[in-house]
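Novice: Predicted structure and sequence below. I'll ask about it afterward.
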Amino acid sequence: MILDDRVDESYGDIQEVLAVHRCFEKELQPLIDEVLNYEVATKSCDLWKNLVERTRLFVEDLQAHVKKEDRFLKKSIAIFDSESIDELDLELELELEVS
């Protein structure tokens with residue numbers, strides 16, 4: 001009984017994290033695109049160029065981390081739901097190819 005409660009709680013927590021990720025992605029995507037597509041003027045100082053590059057790298061790393069986390073969480077949900085992990089892997093690979 002206690003284990004069932006913990007599984008239910010974990011399942012709910014995972015669903016909540018995935019929902020937050022979707023919300024962040026939707027709300028932050030314009031800002032992310034702006035950061036990743038920002039071009040530094042050739043006359044900019046090195047400090048500014050360095051800051052822009054470090055920010056770009058951070059955003060890329062953050063995106064990669066969230067995608068990996070989503071993949072892991074979706075696999076966990078599939079296990080809870082007793083779905084085929086192979087089918088989920090294929091679905092996630094297709095999502096990654098599209099994005």
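Specialist: Noted; the coordinates are in hand.
Novice: Skipping adjacent residues, who's closest to residue 66 in space?
Specialist: Excluding its sequence neighbours, the residue lying closest to residue 66 (C-beta to C-beta, 6 or more residues apart in numbering) is residue 21, at 5.8 Å. Backbone N, C-alpha and C define where each C-beta goes, glycine included.
Novice: My guess is the one you found contacts residue 71. True?
Specialist: No. The pair residue 21 / residue 71 is not scored as a contact, 11.0 Å apart, by C-beta atoms under 8 Å.
Novice: Give me the distance from the helix or strand encompassing residue 22 to the chain's centre.
Specialist: Using DSSP states H and E, residue 22 falls within helix 2-37. Distance, stretch centre to chain centre, for helix 2-37: 8 Å (C-alpha atoms, centre = their mean, to the nearest Å).
Novice: same check, this time on stretch 38-56
Specialist: The chain centre lies 25 Å from the centre of stretch 38-56; the measure is C-alpha atoms, centre = their mean.
Novice: now the end-to-end length of that stretch.
Specialist: Taking C-alpha to C-alpha, to the nearest Å, the first and last residues of stretch 38-56 lie 9 Å apart.
Novice: can you list the residues that contact it?
Specialist: Taking C-beta atoms under 8 Å, 6 or more residues apart in numbering as the criterion, the residues outside stretch 38-56 that touch it are 35-36.
Novice: Could you do stretch 17-27 as well?
Specialist: Counting by C-beta under 8 Å, 6+ apart, the neighbours of stretch 17-27 from elsewhere in the structure are 66, 69-70, 73-74, 77.
Novice: Mind checking which of those residues are buried?
Specialist: Burial by neighbour count, 16 or more other C-beta atoms under 10 Å: within the contacts of stretch 17-27 this picks out 70, 73-74.
Novice: Against residue 35, how distant is residue 45?
Specialist: Residue 45 sits 19 Å away from residue 35, going by C-beta to C-beta, to the nearest Å.
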